[in-house]
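Peer 1: the sequence isn't on hand, but the structure is:
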């Protein structure tokens with residue numbers, strides 16, 4: 001393990017600082033915005049704007065890297081992110097924040113692509129699983145650690161924004177000082193919606209709905225906590241526990257999906273997520289312990305859905321198409337995260353903060369119903385199911401299509417397995 005990680009240790013250290021900054025800044029903005037009296041719609045647009053920029057970055061950031069090279073592109077992207085983090089602390093203006101978040105999302109896609117392509121260059125077939133696991137763990141720890149920093153400062157001052165800038169600058173150093181050769185040029189990702197749907201209707205619809213629910217809660221969860229009376233420290237604890245609960249729940253959920261039709265597992269877990277969300281909507285708890293307990297149950301279920309849906313899609317894809325299919329699903333998830341906050345903000349304004357979970361409940365109920373509907377149309381033989389990945393998966397996709405080649409399920413070219421016969425209707429999802 002140590003021998004596999006030493007060549008990329010400096011890069012992973014930079015990744016940790018990058019996601020510490022991401023976690024802190026993404027929570028700091030809605031907390032400060034809520035204190036400033038910004039509307040739910042504007043706070044929702046912060047997430048919508050970031051997701052839009054990130055999706056565009058997945059398409060266009062590789063062109064910037066190809067033009068000026070990995071090292072200079074990385075320095076440029078992260079310098080822009082650091083400047084924006086500092087500007088949002090100086091220029092406290094809602095419309096400026098929305099515009100700046102789009103640029104942050106674009107640059108975040110660029111920095112993540114560069115890190116992931118660099119890791120791919122250093123990974124071998126023997127070390128790919130270890131590097132992938134450690135990379136996902138680093139991003140998870142970074143986001144949670146950054147969120148917890150909110151409790152150690154006053155969001156109403158510029159101190160935390162300055163810390164964001166420092167973390168981003170620290171993230172730049174390990175990669176720019178590395179003596180490793182630059183990785184190969186990045187590849188642009190094409191999104192073929194028609195092929196994605198033909199491959200697996202449940203995964204196509206499911207990922208979009210998961211994106212809507214996760215995008216709504218991921219962007220407006222802090223706003224919900226603030227409007228419901230939680231302190232910044234309790235908001236950070238609530239969001240962090242949600243991520244950890246989702247990470248832990250993925251292992252039993254994944255094991256169950258290996259042993260039965262994944263669509264049944266998706267339907268059951270989505271049903272649990274909608275049940276917890278509806279409890280929050282109906283009873284509107286004000287006690288912090290009850291509120292966080294219900295949100296934890298919700299997070300454990302909601303954040304374990306994405307990898308199962310991806311695994312179901314790849315059950316019906318040949319090994320050489322893994323990156324293409326998963327990359328398309330990742331971008332489809334991005335589209336969902338654009339829709340979610342856009343819907344959630346107005347709903348919270350009209351009906352109250354707890355109604356954020358009405359948006360997520362509807363999305364998860366639709367996923368549960370559609371998965372059961374499709375399971376009645378076609379059976380999925382156990383022989384077509386691949387094993388759920390035995391490595392930690394992010395509770396939310398925090399990487400880019402470039403990073404999907406790190407996943408050990410993405411088999412190297414030349415290692416073939418019998419592809420699914422597209423003409424066999426009995427094996428279609």
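Peer 2: Yes, it's here. Model, not experiment: these values are computed from the prediction.
Peer 1: how far away is residue 48 from residue 255?
Peer 2: In this structure, residue 48 and residue 255 are 35 Å apart, going by CB to CB, to the nearest Å. (Glycine included, C-beta is placed from N, CA and C.)
Peer 1: more neighbours, those two?
Peer 2: Neighbour count, other CB atoms under 10 Å: between residue 48 and residue 255, residue 48 has more, with 25 against 13.
Peer 1: just checking, what packs against the strand or helix carrying the more buried one?
Peer 2: Residue 48 is part of helix 40-68 when elements are defined by DSSP states H and E. Counting contacts by 3 or more CB pairs under 8 Å, 6 or more residues apart in numbering; DSSP states H and E, the secondary-structure elements packed against helix 40-68 are helix 9-35, helix 70-90, helix 94-122, helix 201-227, helix 322-351.
Peer 1: now the third one: buried residues?
Peer 2: Okay, so that is helix 94-122. Of the residues in helix 94-122, 94, 97-98, 100-122 count as buried by neighbour count, 16 or more other CB atoms under 10 Å.
Peer 1: what's the answer for the second one, then?
Peer 2: Applying a neighbour-count criterion of 16+ other CB under 10 Å, one finds 70-71, 73-78, 80-82, 84-89 buried in helix 70-90.
Peer 1: what's that helix packed up against?
Peer 2: In this structure, helix 70-90 packs against helix 9-35, helix 40-68, helix 94-122, helix 159-176, with contacts taken as 3+ CB pairs under 8 Å, 6+ apart.
Peer 1: from the chain's centre, how far out does that helix sit?
Peer 2: Taking CA atoms, centre = their mean, to the nearest Å, the mean C-alpha location of helix 70-90 is offset from the chain mean by 21 Å.
Peer 1: need the contact partners of that helix.
Peer 2: Under the contact criterion CB atoms under 8 Å, 6 or more residues apart in numbering, helix 70-90 has outside partners 18, 21, 25, 29, 61, 64-65, 67-68, 96-97, 100, 103-104, 107-108, 110-111, 114-115, 117-118, 158, 160-162, 164-165, 168-169, 171-172, 175-176, 182-183.
Peer 1: burial of residue 158, as a residue count?
Peer 2: The tally of other residues near residue 158 (other CB under 10 Å) stands at 15.
Peer 1: pull the contacting residues for residue 365.
Peer 2: If you count contacts by CB under 8 Å, 6+ apart, residue 365 has them with 270-271, 274.
Peer 1: mind putting those residues into TSV with neighbour count?
Peer 2: As requested, the contacts of residue 365 are arranged in TSV below (neighbours: other CB atoms under 10 Å):
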residue	neighbour count
270	31
271	18
274	26
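Peer 1: and the residues you listed, which of them are in helices?
Peer 2: Residues of the contacts of residue 365 located in helices (DSSP state H): 270-271, 274.
Peer 1: got the helices and strands packed on helix 40-68 as CSV, with mean pLDDT columns?
Peer 2: As requested, the helices and strands packed on helix 40-68 are arranged in CSV below (pLDDT from 0 to 100):
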stretch, mean pLDDT
helix 9-35, 93
helix 70-90, 94
helix 94-122, 89
helix 201-227, 95
helix 322-351, 89
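Peer 1: out of the ones you listed, the one nearest residue 373 is which?
Peer 2: Taking CB to CB as the criterion, residue 373 comes closest to helix 201-227 out of these, the separation being 9.1 Å.
Peer 1: continuing past that closest one, what's the next helix or strand?
Peer 2: Next along from helix 201-227, by DSSP H and E: helix 232-259.
Peer 1: avg pLDDT for that next one?
Peer 2: For helix 232-259, the per-residue pLDDT values average out at 91.
Peer 1: and what of stretch 36-51?
Peer 2: Rounded to a whole number, the mean pLDDT of stretch 36-51 is 96.
Peer 1: would you mark the buried spots in that stretch?
Peer 2: Within stretch 36-51, the residues that qualify as buried are 38-51, counting by 16+ other CB under 10 Å.
Peer 1: related to what we said a few turns ago, ok, which of the helices and strands packed on helix 40-68 comes nearest residue 140?
Peer 2: Taking CB to CB as the criterion, residue 140 comes closest to helix 9-35 out of the helices and strands packed on helix 40-68, the separation being 8.2 Å.
Peer 1: quick one: the closest one to helix 40-68, angle?
Peer 2: Inter-element angle recorded for helix 9-35 and helix 40-68: 150 degrees (by axes from the mean of the first three to the mean of the last three CA atoms, to 10 degrees).
Peer 1: is it true that residue 253 touches residue 270?
Peer 2: No: with contact defined as CB atoms under 8 Å, residue 253 and residue 270 do not form a contacting pair (11.1 Å).
Peer 1: separation between residue 192 and residue 31?
Peer 2: Distance from residue 192 to residue 31, counting by CB to CB: 39 Å.
Peer 1: more crowded one of the two?
Peer 2: residue 31 (23 against 12).
Peer 1: re earlier: to residue 292, which of the helices and strands packed on helix 70-90 lies closest?
Peer 2: Set against residue 292 and scored by CB to CB, these come closest in helix 9-35, at 15.4 Å.
Peer 1: list the helices and strands the closest one packs on?
Peer 2: For helix 9-35, the packing partners by 3+ CB pairs under 8 Å, 6+ apart come out as helix 40-68, helix 70-90, helix 94-122, helix 128-148, helix 159-176, helix 201-227, helix 232-259.
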